[in-house]
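Peer 1: Provided below for reference: sequence and predicted model.
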Amino acid sequence: MGRVTRGDDVTPERRSGDATGAEPDPARWRVLAVTLAVGFMSLLDVTIVNVAIPSMRLGLDTSAATIQWVVSGYALSFGLVLVTGGRLGDAWGRRRLMLVGLTGFVLASAACGLAPSVEVLVAARLVQGLSAGLLAPQNTGLIQELFGGAERGRAFGLFGLVVSVASAIGPVLGGVIIALAGEEGGWRWIFLVNVPIGMVLLVAIARLVPDTRVEVGESDTRLDPGGAVLLGLAVLCLLLPVVALESGATGLLWLLVGVPVAGWAFVAWERRLTRTGGAPLLDIALLRQTPGYGNGIVVGALYFTGFTGVFLVLSVYLQDGLGYSTLATGLLLTPFAVGSAVSSMWAGRAVTRMGRSLVVRALGVMMTGLVLLAVLAAWAQDRSWLWLALVLPLLLAGLGGGAVVSPNFTLTLADVPPRMGGAAGGALQTGQRVGAAIGAATLITAYQLGSGDGGDPGAGLRAAIGTALALLLLALAAA
């Protein structure tokens, strides 16, 4: 197999610790800690800005539709490069891609925090999202390479913990930062805090993460620019009109016609490359021949479609609808993060024993929590103890959500060859990012329609949660 150049010249056989009896890399847990810290920071920036929208509007004196691109632009560019970033890591080494991606992320974060206008802020967020898209698939690729057997399930459990908690705790941290730094300029520190943390992590990556450059013969280091362009075009045609819809623009919906065309062209191109001995961006055969892979992508995409937008809706409901402060809104959403933290760790250990049934049961628990949320929030909306009514359903939803993400990663990537681990993981995360973007647009639209002309926030919340439950029911059926 290939070589790893990291001081002691550790081979992949030693790193993986798989069924061959090879000795696992003794540094694997430290490497995982570094990569998960990087992943947490990039995923946190998806949701941390949700509660900062009023602060950004005030500080930059701009409209809600324009500032929405600060949220949506990141999701758009993030989703564009996940598979390409994974393939680059497979071919050229994960440490190299992590150093490039994190450098771009840190510089873009500084540009966001110092942005003199909303146009500069949106442009910097696009670059920040592209950099995050290069970083994210290296997490799953390294787990595939460094861990095997039951340890891989535990490692993916930690990764699922990061995904769930980063999504849930973003509004909390955003609220705390703005409360400390002030309403008008506090949003800048949401981005600037990434700079010192990112610089420390750059040193840690350079020192700890293995350089997984592959020898000739183990994996083709050639790239597939044609496939990258076609896949990027398909994702762009899907995400661009969706994120534009969040800010009220409908003029780009015609681009959706290009999704099946670009998707078909991508599949045909990848199959042709495979037949002619080329190096495809993503081995399409994985979808047919790898047990659970295609289905896992569907489950993950549908879950994120139904789940991610709930936080955006709750932020709007509590702040704009009920007048809660940014900090209070963030703290009210904390029980979900607590529940996710508890269940993610347990689910990572239990998935090897329970299999796909764990995902099914977890989805059922989460949906139960959302039903209770809709009922109790409507009942207690005009009472001072609304926060108490939200604790139990959000905790229950968090317990369910935390036990969905990590088992789905483990089961979906269990039989994927490590040589394609980055690209395959990137495809799985692309489904999640696309789902998150579609879900945010769908649920916020449902909230606005449900609120009606009278501006009833309770009715809007019930409409959005009902839509989320319908989407999660599809994920349950797929699981």
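Peer 2: Structure received. Predicted model only: the values in this text are computed from it and were never measured.
Peer 1: Could you find the closest non-adjacent residue to Val298?
Peer 2: Ala478 (4.8 Å; Cβ to Cβ, 6 or more residues apart in numbering). In this view, the C-beta of every residue, glycine as well, is placed from N, C-alpha and C.
Peer 1: And that neighbour, how far from Leu333?
Peer 2: 27 Å (Cβ to Cβ, to the nearest Å).
Peer 1: how about whichever strand or helix holds Phe105 as CSV, C-alpha atoms only?
Peer 2: Element membership for Phe105 (DSSP states H and E) is helix 94-113. Extracted in CSV, the C-alpha atoms of helix 94-113 (Å, rounded to 0.1, in the frame of the first residue of the first chain):
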residue,chain,number,x,y,z
ARG,A,94,-4.9,15.3,3.6
ARG,A,95,-2.4,17.3,5.5
ARG,A,96,-1.7,19.4,2.4
LEU,A,97,-5.4,20.0,1.7
MET,A,98,-6.0,20.9,5.4
LEU,A,99,-3.2,23.4,5.5
VAL,A,100,-4.4,25.1,2.2
GLY,A,101,-8.1,25.0,3.3
LEU,A,102,-7.5,26.3,6.8
THR,A,103,-5.2,29.1,5.6
GLY,A,104,-7.9,30.3,3.3
PHE,A,105,-10.5,30.0,6.0
VAL,A,106,-8.5,32.1,8.5
LEU,A,107,-7.8,34.8,5.9
ALA,A,108,-11.4,34.9,4.8
SER,A,109,-12.6,35.1,8.5
ALA,A,110,-10.3,38.1,9.0
ALA,A,111,-11.8,39.7,5.9
CYS,A,112,-15.3,39.0,7.1
GLY,A,113,-14.6,40.6,10.5
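Peer 1: got the angle for the next helix or strand after it vs helix 94-113?
Peer 2: Moving toward the C-terminus from helix 94-113, the next helix or strand (DSSP H and E) is helix 118-146. Relative orientation of helix 118-146 versus helix 94-113 (axes from the mean of the first three to the mean of the last three Cα atoms, to 10 degrees): 160 degrees.
Peer 1: Now do stretch 160-175: distance to the chain's middle.
Peer 2: 11 Å (Cα atoms, centre = their mean, to the nearest Å).
Peer 1: Select the helix or strand of this structure having the lowest average pLDDT value.
Peer 2: helix 12-16 (a mean of 42; mean pLDDT, DSSP states H and E).
Peer 1: wouldn't Leu256 be in contact with Leu238 here?
Peer 2: Yes. Leu256 lies in contact with Leu238 (Cβ atoms under 8 Å); the separation is 6.9 Å.
Peer 1: Compare neighbour counts for the two and give me the winner.
Peer 2: When Leu256 and Leu238 are compared for neighbours, Leu238 comes out ahead with 22 against 13, by other Cβ atoms under 10 Å.
Peer 1: give the contact list for that one.
Peer 2: Shown in contact with Leu238 (Cβ atoms under 8 Å, 6 or more residues apart in numbering): Leu256, Val259, Val434, Ile438.
Peer 1: repeat that with 6 Å
Peer 2: Val259 (Cβ atoms under 6 Å, 6 or more residues apart in numbering).
Peer 1: so it is in which element?
Peer 2: helix 225-246.
Peer 1: same thing with Asp283?
Peer 2: Applying DSSP H and E, one finds Asp283 in no helix or strand.
Peer 1: Distance of the closest residue to it other than its chain neighbours relative to Ala111?
Peer 2: Distance criterion Cβ to Cβ, 6+ apart; nearest residue to Asp283, sequence neighbours excluded, is Met420 at 5.8 Å. Taking Cβ to Cβ as the measure, Met420 falls 34 Å from Ala111.
Peer 1: which one of the two has more residues nearby?
Peer 2: Met420 (23 against 17).
Peer 1: tell me the SS of Tyr303?
Peer 2: Of the three states, Tyr303 takes helix under DSSP: H, G, I helix; E, B strand; the rest coil.
Peer 1: ok, now which ones touch it?
Peer 2: Here Tyr303 is in contact with Val404, Ala475 (Cβ under 6 Å, 6+ apart).
Peer 1: Check what pLDDT it gets.
Peer 2: Predicted confidence (pLDDT) for Tyr303: 90.
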